[in-house]
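K.L.:
After the sequence you'll find the predicted model.
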Amino acid sequence: MNSLHACELASQHVVMFTNPCTMQVILLHWDTSVRLQTPSKRRSATYIEKYTGIQDYSAKESQRTQLVSNITKESYRTMMNGAKQLGMDAALINSTNLYVFFAQLEQPDTNWIDEINKLIES
């Protein structure tokens, strides 16, 4: 992406990531101390059952629907607090930049979008 836009920082501003997986951030809705070490569904299934009651999680559509139905406005705030605590280096386990993107999306001012466009278009 950086070479496509001829901008060293393009991907930093437009690519969202979680390491080791998105489940890391999803689990922060219930426990900001969870730190997954692998994207293994089997490894995260214990946490998922503990916080949502979903047994033997394997990411089937019905399980994903049930998981997402447990996310609330209040749990979103908990997740944001937890995501803010994680590192932002994509190469490191337990890192994400979703906090930055979600925080920007919460703002009524959308000038940040124009700033990103300027960075990647120049």
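P.N.:
Sure, I can see it. Numbering: from 1, shown residues only.

K.L.:
Not counting sequence-adjacent ones, nearest residue to residue 56?
P.N.:
Once flanking residues are discounted, residue 56 sits nearest to residue 45: 6.3 Å by Cβ to Cβ, 6 or more residues apart in numbering. All C-beta spots, glycine's among them, are computed from the backbone N, C-alpha and C.

K.L.:
Show me what counts as buried in the helix or strand that that neighbour is a member of.
P.N.:
Using DSSP states H and E, residue 45 sits within helix 41-52. Buried residues in helix 41-52, defined by neighbour count with 16 or more other Cβ atoms under 10 Å: 44-45, 47-48, 51-52.

K.L.:
what does stretch 56-76 give?
P.N.:
Using 16+ other Cβ under 10 Å as the burial criterion, the residues of stretch 56-76 that qualify are 57, 63, 67.

K.L.:
One more: stretch 93-109?
P.N.:
Quick answer for stretch 93-109 (16+ other Cβ under 10 Å): 95-102.

K.L.:
mind checking pLDDT for the nearest residue to residue 90 once chain neighbours are set aside?
P.N.:
Among residues not flanking residue 90 along the chain, residue 17 sits closest, at 4.9 Å (Cβ to Cβ, 6+ apart). The per-residue pLDDT reported for residue 17 equals 88.
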